[in-house]
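Participant: Got a sequence here, can you model it:
(one chain, ligands or ions: 1)
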Amino acid sequence: MPKIEIEVCQVGSTSTWKEKYDFHEGDPQAWAQAMLDRFNSTLRPGENPRELVSVEVLPEESQEHIWRKENVYTIVRGSQVYDKMRCERCGVTGKRHGLVSGVKRDSEYRAKKYEKCTGHV
Ligand SMILES: [Zn+2]
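Facilitator: Just a heads-up that it's a prediction; the model follows:
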């Protein structure tokens, strides 16, 4: 899910701060402004109205597995030459045959749901 980071300040003040939000769809600028408008229209005693300074859409986190080689030396088994690989984020394991080909996920991780990295085990 993309995130946006908005920079806001209190009206009449020059010091700003940043807040991060999940962002679903639409125009980030308009979305942030609408949120601030909502905040400003429901101020509680002691709260000051806020002003939007800037909006930044943060790059989406990669969904690719981050493969790390598990064995120190490349494994040679019969005619097979491979490295055992494990994703350092989600723990999915696989094998890489040769240096240029991609990593093939092990049979227990062959399902489609393991294709993208979820970032957790
Ligand atoms: Zn992963």
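Participant: Now tell me what touches the least confident helix or strand in the chain by mean pLDDT from outside.
Facilitator: Within the chain, no helix or strand scores below strand 75-77, which has a mean of 91 by mean pLDDT, DSSP states H and E. The set of residues external to strand 75-77 that reach it, using C-beta atoms under 8 Å, 6 or more residues apart in numbering, is V81, Y82, D83, K84. The way it works is simple: take the backbone N, C-alpha and C, and place the C-beta from them, glycine included.
Participant: And the residues you listed, which is closest to S101?
Facilitator: Minimum distance to S101 across the contacts of strand 75-77 is 9.7 Å, recorded for Y82 (C-beta to C-beta).
Participant: I figured the closest one hits H97, correct?
Facilitator: Yes: using C-beta atoms under 8 Å, Y82 is in contact with H97, at 4.8 Å.
Participant: Give me the more crowded residue out of the two.
Facilitator: Each of Y82 and H97 has its neighbours counted (other C-beta atoms under 10 Å); Y82 has more, 18 against 14.
Participant: which parts of this protein sit against the ion?
Facilitator: Neighbours of the ion within the chain, by C-beta under 5 Å from the ion: H65, C87, R89, C90, C117.
Participant: what do you get if the cut-off is 6 Å, keeping everything else the same?
Facilitator: Contact residues, the chain versus the ion (C-beta under 6 Å from the ion): H65, C87, R89, C90, V92, C117.
Participant: Pull out the buried members of the residues you listed.
Facilitator: Neighbour counting by 16 or more other C-beta atoms under 10 Å classes H65, C87, R89, C90, V92, C117 among the residues of the chain next to the ion as buried.
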